[in-house]
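In: Sequence and predicted structure, then a few things I'm wondering about:
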Amino acid sequence: LVVLLNLFRDQLDRYGEIDTIAGNWRRALQTLPATSTVVFNADDPAIAGLTEHLPARVIGFGLNDTRHAVAAATHIADSQFCQTCGHRYHYRHIFYAHIGHYTCPHCGRHRPDPQIALTALEPRGLDGSELQIRHPVGQLQIHLPLPGLYNAQNALAATAAALALGIAPTTIGAALTTFQAAFGRIERITAGPNGPPMLIALIKNPVGASETVRMLTATTTRPLHLLIAINDRFADGTDVSWLWDADFEPLAGRVARVTVSGTRAADMALRLDYAGVDGAAITVIDDLPTALDTALVALPVGETLAVLPTYTAMLDLRAEIARRGWAKPFWET
Ligand SMILES: [Zn+2]
């Protein structure tokens, strides 16, 4: 069983351009025997195009709740052109980047109708979402304890994969309802006994960072308190130009205070400045433990500190939190 979620630019210096990756994946998928199954995201044209004419069984999943479409095309769409004839896709609905309902006006290639469809997605703030999933033999109603459109799509993919394996829908629903995120992926930690709550959400590429910003700004109308930590070590990608491809613009006018840290703190502060975040709300502190203390001291009672670290900054932060006894080391969680 192979599950294909989406294909976006991510750490180009390490992984290469997405056309290269798509070509590698296509060759790998063609070697799969007819006894295997490929579960794929019908809303991503780059992914859907990989699943045509395969010996393996293919099962598409997709978002049918078009209330979550965005008004305008985003500038970080990576796969905008038809794989058959090269014309630009027409999108009836875009959810983010190049994910949506697409048709080629020239040759008619279009989004395949998904067998597993997310027919209703009701956000419930930071507590998660209510999902209604239609599958070939019925409906599934799930409370997913993770916020954000992309987490709903991940849960949809997991549901499709589990159904393909013959797992009972009730078992799938129960598993997703009690799901806990891997460390640093929308993880909630309290800063000590009776301390304020923190929400840690890893960011590492343009689409992921943009959707995390969208999740934070969509789940509350209150001013945000942020700690953003950007490193440029090997595991983060040494090229931080991705910060300029990510949409931090929705933060303009929404931030009470943002503490910026990490080896590329100054780059991030400059990015926030160009995004329109009030300069008086931005504090740059290179040292991460000091930045964490500063952000927590400034946090008003009743508010949550949203922490957005890159991968190695998240490991550093996790180590610091474990040292303080606020959480177990990540390898014990
Ligand atoms: Zn075409």
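Out: All right, it came through fine.
In: use CA for all of it now, contacts and neighbours both
Out: OK.
In: what are the ranges of the helices in the stretch 201-333 of the chain?
Out: 206-219, 265-275, 288-297, 311-323 (DSSP state H, counting those that start in this stretch).
In: got JSON lines for those, with mean neighbour count too?
Out: As requested, the helices of the stretch 201-333 of the chain are exported to JSON lines (neighbours: other C-alpha atoms under 10 Å):
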{"stretch": "helix 206-219", "mean neighbour count": "20"}
{"stretch": "helix 265-275", "mean neighbour count": "18"}
{"stretch": "helix 288-297", "mean neighbour count": "18"}
{"stretch": "helix 311-323", "mean neighbour count": "19"}
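In: Between these, which one is closest to residue 172.
Out: helix 206-219 (24.6 Å; C-alpha to C-alpha).
In: tell me the contacts of residue 33?
Out: Contacts for residue 33 (C-alpha atoms under 8 Å, 6 or more residues apart in numbering) come out as 55, 56.
In: For it, give me phi and psi.
Out: phi -70, psi 170 (degrees, to the nearest 10).
In: Without its sequence neighbours, what residue ends up closest to the residue of the stretch 151-300 of the chain found nearest the ion?
Out: Checking the stretch 151-300 of the chain residue by residue against the ion with C-alpha to the ion singles out residue 207 as nearest, at 25.0 Å. Distances taken as C-alpha to C-alpha, 6 or more residues apart in numbering place residue 246 nearest to residue 207, at 6.4 Å, with adjacent residues excluded.
In: burial count for the one you found?
Out: Neighbours of residue 246 under the rule other C-alpha atoms under 10 Å: 20.
In: Let's see the pLDDT reported for residue 78.
Out: For residue 78, the model assigns a pLDDT of 69.
In: can you give me the strands in this structure?
Out: Here the chain has its strands, by DSSP state E, at 2-4, 37-41, 57-63, 90-96, 99-103, 116-123, 129-135, 138-144, 185-190, 197-201, 224-229, 255-261, 282-284, 305-309.
In: and the helix ranked longest in the chain, what other elements does it pack with?
Out: Counting residues, the longest helix found in the chain (DSSP state H) is helix 149-164. Helix 149-164 is packed against strand 37-41, strand 57-63, strand 116-123, strand 129-135, helix 169-177, helix 206-219, with contacts defined by 3 or more C-alpha pairs under 8 Å, 6 or more residues apart in numbering; DSSP states H and E.
In: For that helix, which residues meet the burial criterion?
Out: 149-153, 155-164 (16 or more other C-alpha atoms under 10 Å).
In: cool, stretch 52-70 as well?
Out: 54-66, 68-69.
In: Run through who's touching that stretch.
Out: 29-30, 32-43, 51, 93-96, 100, 112-121, 153, 156-157, 160, 164.
In: mind checking which helix or strand of the protein has the lowest mean pLDDT?
Out: None of the helices or strands of the chain scores lower by mean pLDDT, DSSP states H and E than helix 12-15, at a mean of 64.
In: any idea how far residue 51 is from the residue of the stretch 151-300 of the chain closest to the ion?
Out: Distance, residue 207 to residue 51, using C-alpha to C-alpha, to the nearest Å: 23 Å.
In: Equivalent analysis for residue 137, please.
Out: Taking C-alpha to C-alpha, one finds residue 137 at 23 Å from residue 51.
In: Which residue of the two possesses the greater neighbour count?
Out: The neighbour comparison of residue 137 against residue 51 (other C-alpha under 10 Å) goes to residue 51, with 24 against 7.
In: so how far is the ion from the more buried one?
Out: Distance, residue 51 to the ion, by C-alpha to the ion, to the nearest Å: 16 Å.
In: coming back round to it: any chance of the helices and strands packed on helix 149-164 in CSV with mean pLDDT and distance to residue 327 as columns?
Out: Below are the helices and strands packed on helix 149-164 laid out as CSV (pLDDT from 0 to 100; distance: least, C-alpha to C-alpha, whole Å):
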stretch, mean pLDDT, distance to residue 327
strand 37-41, 98, 35
strand 57-63, 97, 35
strand 116-123, 96, 28
strand 129-135, 96, 26
helix 169-177, 94, 23
helix 206-219, 88, 23
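In: which one of these lies closest to residue 84?
Out: strand 37-41 (18.4 Å).
In: name the helices or strands packed onto that closest one?
Out: strand 2-4, helix 45-48, strand 57-63, helix 149-164.
In: who does the third one pair up with?
Out: According to DSSP bridges, the neighbouring strands of strand 57-63, each with its direction, are strand 37-41 (parallel), strand 116-123 (parallel).
In: what is the orientation angle of the last one with helix 149-164?
Out: With axes from the mean of the first three to the mean of the last three C-alpha atoms, to 10 degrees as the basis, strand 116-123 and helix 149-164 are set at 140 degrees to each other.
In: Check the offset of strand 116-123 from the chain's centre.
Out: In this view, strand 116-123 has its centroid 17 Å away from the chain centroid, taken as C-alpha atoms, centre = their mean, to the nearest Å.
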